[in-house]
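Undergrad: from the sequence below, what's the structure:
(2 chains)
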Amino acid sequence: QQQVKQSPQSLIVQKGGIPIINCAYENTAFDYFPWYQQFPGKGPALLIAIRPDVSEKKEGRFTISFNKSAKQFSLHIMDSQPGDSATYFCAASRGSQGNLIFGKGTKLSVKP
Amino acid sequence: DTGVSQDPRHKITKRGQNVTFRCDPISEHNRLYWYRQTLGQGPEFLTYFQNEAQLEKSRLLSDRFSAERPKGSFSTLEIQRTEQGDSAMYLCASSSRQAANTEAFFGQGTRLTVV
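TA: Numbers count the residues shown, from 1 in each chain, chains lettered A, B, ... in the order given. Presented below is the predicted three-dimensional model:
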């Protein structure tokens, strides 16, 4: 059973567009929701994270929207650039346990 | 470089051989995690240490896998009698207990190919 479901699997946008990646989770005990960016041959790098006590968090061009009642959260990338082309993973974890449950990833391609 | 360091970056081994990977976490981090990532998938949790204590193991961690963190610093992951299905990227991450939750920082991984 997949605890964190991510969509779409792949996404192509033009430079300056706003790609949106969605995730849904089942376990209401999850209380930490990070997004990771991964380039080929590299480890995942933390991009931005949110906790369920807020509905939105912005860091630079990246925004997380969180809907606790729907158990969904999404990543928006404003003014996307070709350098943003990468695979993005959402994840979730419970309290101090800390081990992350990842979605299957979204491969984003930003065309110049 | 003060990030998470993994060695080797790539390992090719024959089926049936044993392999060992090393992870050096960020120095002040007391939590260390191992994940496995196969092509086109997200990382999957394998095991986690707090200092030298191994606190959790995933069901993915068969009896051929063993992990240690003897002095609460670096960690090793050993796979015995490797199988082709073990081919994957093995990722190490570390985090600090000081954070309310974990902000895990990942290393660049060790890519294992079993032939």
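Undergrad: would you mind measuring from residue B:107 to residue B:21?
TA: 10 Å (C-beta to C-beta, to the nearest Å). Where C-beta positions appear, they are placed from N, C-alpha and C, glycine not excepted.
Undergrad: meant to ask about residue B:46
TA: To residue B:21, residue B:46 is 11 Å away according to C-beta to C-beta.
Undergrad: overlap in contacts of the two?
TA: Counting by C-beta atoms under 8 Å, 6 or more residues apart in numbering or on different chains, the shared contacts of residue B:46 and residue B:21 are residue B:77.
Undergrad: next one: the residue of chain A found nearest chain B from residue B:12, what distance?
TA: At 3.1 Å from chain B, residue A:102 is the closest residue in chain A, using C-beta to the nearest C-beta. Note on residue A:102: its distance to residue B:12, by C-beta to C-beta, is 26 Å.
Undergrad: and these two? which has more neighbours close in?
TA: Between residue A:102 and residue B:12, counting by other C-beta atoms under 10 Å in any protein chain shown, residue A:102 is the more crowded of the two (24 against 11).
Undergrad: how far does the lowest-mean-pLDDT helix or strand in chain B sit from its chain's centre?
TA: Using mean pLDDT, DSSP states H and E, the weakest-scoring helix or strand in chain B turns out to be strand B:53-57, at a mean of 88. In terms of C-alpha atoms, centre = their mean, to the nearest Å, the centre of strand B:53-57 is found 13 Å from the chain centre.
Undergrad: before we move on, what about stretch B:17-27?
TA: 7 Å.
Undergrad: flag every buried residue along it.
TA: Residues of stretch B:17-27 classed as buried by neighbour count (16 or more other C-beta atoms under 10 Å in any protein chain shown): B:19, B:21, B:23, B:24, B:25, B:26.
Undergrad: need phi/psi at residue A:84.
TA: Phi and psi for residue A:84, reported as degrees, to the nearest 10, are phi -80, psi -10.
Undergrad: which non-adjacent residue is nearest it?
TA: residue A:110 (5.2 Å; C-beta to C-beta, 6 or more residues apart in numbering or on different chains).
Undergrad: that'll do, ta.
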